[in-house]
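J.: got a predicted structure here, sequence first:
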Amino acid sequence: MTTPTMGRRERKNAQTRQALADAALRLFLERGYDAVSVKEIADAVDISVPTVFKHVPDGKEALMFDDGVERRERLLAAVHDRPAGQSVMAALREFISSRGPFVADQSPEFRRRTELIMNTPALRDYSRKLWIRCEEPLAEAIAAEIGRPAGDITARATARYVLEIPQFVGGEPDAVTAMHAVFDLLEFGLPTATGVRPGGVELGDLLPDAIDSAPGA
């Protein structure tokens with residue numbers, strides 16, 4: 001797919017947004033999120049506070065994030081453009097493994113940014129908001145890949161569960177192991193345990209069969 005070329009105004013807006021993100025990150029790391037005001041971030045970029053909110057209407061907690069478009073497009077591409085023979089769930093696991101606290105071999109700068117987000121409630125909540133904004137398009141993508149109609153509950157449930165993973169386990173001491181444990185649950189269901197009620201339905205019975213048996217899965 002060809003990426004549309006940005007015009008002069010779009011490039012300037014993108015540069016301003018990036019400058020705001022860089023300034024916010026630097027100040028938050030230096031002094032802590034709660035000790036930094038929007039005005040201080042605006043002053044660092046030499047723009048007014050109203051101009052800040054023009055570029056980032058969601059407020060202070062959104063300043064160090066992008067608009068979420070790249071996240072959504074890469075997420076959908078992970079489903080639609082996955083290699084032949086790879087299941088939808090495996091593609092989603094691979095994608096989530098490449099984001100935030102689940103990235104292997106993080107640089108010191110990346111680790112500091114990730115820890116700032118995970119340890120700051122306002123930033124962590126906004127990060128979740130960006131993930132949940134992807135729920136409807138992801139559910140539609142999953143439904144299309146498994147041959148279900150739009151709005152299918154299996155696709156919707158899968159999208160919601162997957163997109164909650166970063167918030168749910170991102171703060172665990174071993175976030176990568178926790179992330180894989182949740183994906184194992186979604187793919188394979190609960191492990192067999194003594195005392196399981198006969199005839200019970202496992203989560204894995206509801207999700208993987210439909211998803212992993214899809215054409216091309």
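T.: Received the coordinates, thanks. All of these numbers come straight from a predicted model, not from anything done at the bench. Numbering: from 1, shown residues only.
J.: give me the nearest residue to the residue nearest the centre of the chain, chain neighbours excluded.
T.: By C-alpha atoms, centre = their mean, the mean C-alpha position of the chain lies nearest to residue 131, the distance being 4.1 Å. Distances taken as C-beta to C-beta, 6 or more residues apart in numbering put residue 163 closest to residue 131, at 4.5 Å, once the chain neighbours are dropped. (C-beta placed from N, C-alpha, C; glycine too.)
J.: what is the neighbour count of residue 22?
T.: Neighbour count for residue 22, taken as other C-beta atoms under 10 Å: 15.
J.: next one: it from residue 44, what distance?
T.: Plainly put, residue 22 is 9 Å away from residue 44 if you go by C-beta to C-beta, to the nearest Å.
J.: what about residue 53, how many residues close to it?
T.: For residue 53, using other C-beta under 10 Å, the count is 15.
J.: wait, doesn't it sit right on residue 59?
T.: Yes - assessed by C-beta atoms under 8 Å, residue 53 is found in contact with residue 59 at 7.3 Å.
J.: and the helices in this structure?
T.: In the chain, the helices defined using DSSP state H lie at 8-31, 38-45, 49-55, 69-80, 88-96, 108-119, 121-132, 135-145, 153-169, 175-188, 203-206, 208-212.
J.: in CSV: these, plus distance to residue 63 and mean pLDDT.
T.: Shown next, in CSV, are these (distance: least, C-beta to C-beta, whole Å; pLDDT from 0 to 100):
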stretch, distance to residue 63, mean pLDDT
helix 8-31, 4, 93
helix 38-45, 6, 97
helix 49-55, 8, 96
helix 69-80, 16, 96
helix 88-96, 24, 97
helix 108-119, 12, 94
helix 121-132, 9, 96
helix 135-145, 23, 97
helix 153-169, 19, 96
helix 175-188, 24, 95
helix 203-206, 37, 53
helix 208-212, 37, 54
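J.: got CSV for these, with distance to residue 102 too?
T.: Formatted as CSV, the helices of the chain follow (distance: least, C-beta to C-beta, whole Å):
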stretch, distance to residue 102
helix 8-31, 20
helix 38-45, 28
helix 49-55, 29
helix 69-80, 14
helix 88-96, 6
helix 108-119, 9
helix 121-132, 13
helix 135-145, 17
helix 153-169, 8
helix 175-188, 5
helix 203-206, 21
helix 208-212, 20
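J.: follow-up on the earlier one: how many neighbouring residues does the residue nearest to residue 131 have?
T.: Neighbours of residue 163 using other C-beta under 10 Å come to 22.
J.: quick one, what contacts it?
T.: Residue 163 sits next to 131, 132, 134, 135, 138 when contact means C-beta atoms under 8 Å, 6 or more residues apart in numbering.
J.: change it to 10 Å
T.: Residues near residue 163 by C-beta atoms under 10 Å, 6 or more residues apart in numbering: 75, 92, 96, 128, 130, 131, 132, 133, 134, 135, 138, 139.
J.: over to residue 137?
T.: So residue 137 contacts 72, 73, 75, 76, 79, 159 (C-beta under 10 Å, 6+ apart).
J.: the last one is in contact with residue 140, isn't it?
T.: Yes - between residue 159 and residue 140 there is a contact at 8.6 Å, judged by C-beta atoms under 10 Å.
J.: what do these two both touch?
T.: The contact sets of residue 159 and residue 140 overlap at residue 79 (C-beta under 10 Å, 6+ apart).
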